[in-house]
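>>> I'd like to go over a predicted model; first the sequence, then the structure.
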Amino acid sequence: MSSPTAPVYITGTGNIGGTIGGQVYSVTLTPAAAAATLVLREMGSGGAIIAAFQAAANGASFYGEYCFAYAGQLHATLSGSGATAMIEL
């Protein structure tokens, strides 16, 4: 098992990390005035959903430590006005 690399900061939707797969070690999801949702897919934007996270509007950040693998390109879809996320790969 490898160690986490530098965190990836997310403010929108798009591919993150390398293209050959890897591991997710932690996720932080921070909402703003609207509820926040972060959906992670493997194999790009059309791939299978491998994880989904939510945080309530004007609420506390969601933080979770994980160690799950993904195949191909990891794709993040972040929704919620002003929301941000950080993923450790």
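Perfect, thanks for sending it. Residues are numbered from 1 along each chain as shown.
>>> Give me the sheet partners of the helix or strand of the chain with the lowest mean pLDDT and which way each runs.
When each helix and strand of the chain is scored by mean pLDDT, DSSP states H and E, strand 62-70 comes last, with a mean of 92. Taking DSSP bridges as the criterion, strand 62-70 forms sheet pairs with strand 22-30 (antiparallel).
>>> Just checking: what are the partner strands of the helix or strand that comes right after the partner strand?
Once the chain leaves strand 22-30, the next helix or strand it forms, by DSSP states H and E, is strand 36-42. Using DSSP bridges, strand 36-42 pairs in its sheet with strand 49-55 (antiparallel), strand 74-79 (antiparallel).
>>> Give the next helix or strand downstream of the last one.
Meaning strand 74-79. strand 84-88.
>>> Going by neighbour count, list what's buried in that following strand.
Using 16 or more other C-beta atoms under 10 Å as the test for burial, strand 84-88 gives 84, 85, 87, 88. In this view, the C-beta of every residue, glycine as well, is placed from N, C-alpha and C.
>>> Spit out the contact partners of the third one.
It refers to residue 87. By C-beta atoms under 8 Å, 6 or more residues apart in numbering, the contact set of residue 87 is 7, 8, 10, 16, 24, 26, 27, 28, 40, 76.
>>> and the second one, how many neighbours does it have?
The number of residues packed near residue 8 is 15, by other C-beta atoms under 10 Å.
>>> which non-adjacent residue is nearest residue 26?
Nearest residue to residue 26 in three dimensions, chain neighbours excluded: residue 88, at 4.3 Å (C-beta to C-beta, 6 or more residues apart in numbering).
>>> right, and that neighbour touches residue 25 too?
Yes - Residue 88 is within contact range of residue 25, at 4.3 Å (criterion: C-beta atoms under 8 Å).
>>> just for the chain, where's the confidence low?
Residue ranges of the chain with pLDDT under 70: 1-4.
>>> ok, 80 please
Within the chain, the ranges that satisfy pLDDT under 80 run 1-6.
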